[in-house]
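*Asks:* Give me the fold of what follows.
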Amino acid sequence: MSYTIRRANIRDLPRLQRLFYNTITSVGLKVYTKVQIKKWTQHFSDTAYWEHKFVHNNFYVATLNGEVVGFISLSDTGYIDYIYVSHNYQGKGIANLLYTRIEVLAKELDFKELTSDISALEKPFFEKKGFEILKECHRRIDNETLVNFSVKKVLNQMA
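*Replies:* Numbering: from 1, shown residues only. Sure thing, here's the model as predicted:
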């Protein structure tokens, strides 16, 4: 299979919203409660929220035969806000392709580091990419605790 990585456009937004929701509600069920998933997906149908994110981030998508199968975003401060791969395409190297594109972009923009706040599901991926765990964060949501991790990677600049 040959995936294409391209800059997302505003017409992709409904597909990104669906992919975001479908991935969290399928893959997330392995480690999160229904209450945590509901809180995590609370903005999935809020078009204004997503349009704002789209304006303030660089979004890239992975496509296969025209279907969006994953996406990633990078802010103008080097923050990776989203990295999602469809539950139907997990484990096929798509996250690696998306991340590689964002790291190249970050270096082109002369960013010194990348940061993110990641879930327990994403932790092994980010550790393999050389991110350092800065701290474990605990957030209370309706009598439950959601754990995530603040991470950072110092970038080696291109020669």
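*Asks:* Could you identify the helix or strand that succeeds the helix or strand of the chain with the lowest mean pLDDT?
*Replies:* Least confident helix or strand of the chain, by mean pLDDT, DSSP states H and E, is helix 34-40 with a mean of 77. Past helix 34-40, heading to the C-terminal end, the next element that is a helix or strand (DSSP states H and E) is helix 47-55.
*Asks:* Just the CA atoms of the least confident helix or strand of the chain, as PDB, please.
*Replies:* What follows is the C-alpha trace of helix 34-40 in PDB, where atoms were taken according to Å, rounded to 0.1, in the frame of the first residue of the first chain:
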ATOM      1  CA  LYS A  34     -16.700   5.800  28.700                       C
ATOM      2  CA  VAL A  35     -16.800   8.900  30.800                       C
ATOM      3  CA  GLN A  36     -13.200   9.700  29.900                       C
ATOM      4  CA  ILE A  37     -13.900   9.100  26.200                       C
ATOM      5  CA  LYS A  38     -17.000  11.300  26.300                       C
ATOM      6  CA  LYS A  39     -14.900  14.100  27.800                       C
ATOM      7  CA  TRP A  40     -12.100  13.600  25.300                       C
END
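*Asks:* gap between that helix and the chain center?
*Replies:* Centroid separation between helix 34-40 and its chain, computed with CA atoms, centre = their mean, to the nearest Å, is 17 Å.
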